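Chemist: here is the input, now give the coordinates:
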Amino acid sequence: MAESYVQVSTTTDSRAEAGRLAELVVERRLAACAQILGPMHSTYRWKDAVESADEWLVLMKTVGRHTETLMSLLKDEHGYETPDIVATPILTGHPAYLRWIAEETEQKGPGSETQS
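Modeler: Next comes the predicted model:
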């Protein structure tokens, strides 16, 4: 069966929180990369009121088999009560880039990493 690829996104209320989440998911090999965009201005309904806030968007590229684990980690580590965590299938892409995503999210056991 061919590998599937997914882009997972979340928003945070600070650049520091976005950076922490990005580093965490890449370090754990749940995402090959995480891109941070922002600040952006968001308007949304929360607890029966219209709210506005500056937020940072984190885009993470992963393989389909890691999607649930990645989303669960984000939920557990996120500062929001109800975080915006969305997964979107990547239907197609540059083959070399997709291979890179698969390689960088391969779970490696202790001692399997190469020494520099």
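
Chemist: could you use CA atoms for every contact and neighbour count after this?
Modeler: Noted.

Chemist: tell me the predicted confidence for E3.
Modeler: Per-residue pLDDT puts E3 at 89.

Chemist: how about the contacts made by it?
Modeler: V63, G64, A102 (Cα atoms under 8 Å, 6 or more residues apart in numbering).

Chemist: now do the buried residues in the host helix or strand of A16.
Modeler: Using DSSP states H and E, A16 sits in helix 15-27. Of the residues in helix 15-27, R15, E17, A18, G19, L21, A22, L24, V25, V26 count as buried by neighbour count, 16 or more other Cα atoms under 10 Å.

Chemist: looks like the fourth one contacts I36 (just checking).
Modeler: Yes: using Cα atoms under 8 Å as the test, G19 is close enough to I36 to be in contact (7.4 Å).

Chemist: buried residues in the next helix-or-strand element following the helix holding A16?
Modeler: Counting by DSSP H and E, the element after helix 15-27 in chain order, helix or strand, is strand 33-46. Buried residues in strand 33-46, counted by 16+ other Cα under 10 Å: C33, A34, I36.

Chemist: ok so, going back, which residues are in contact with the helix holding A16?
Modeler: So helix 15-27 is in contact with 11-12, 31-36, 38-39, 56-58, 60, 70, 74, 77-79, going by Cα under 8 Å, 6+ apart.
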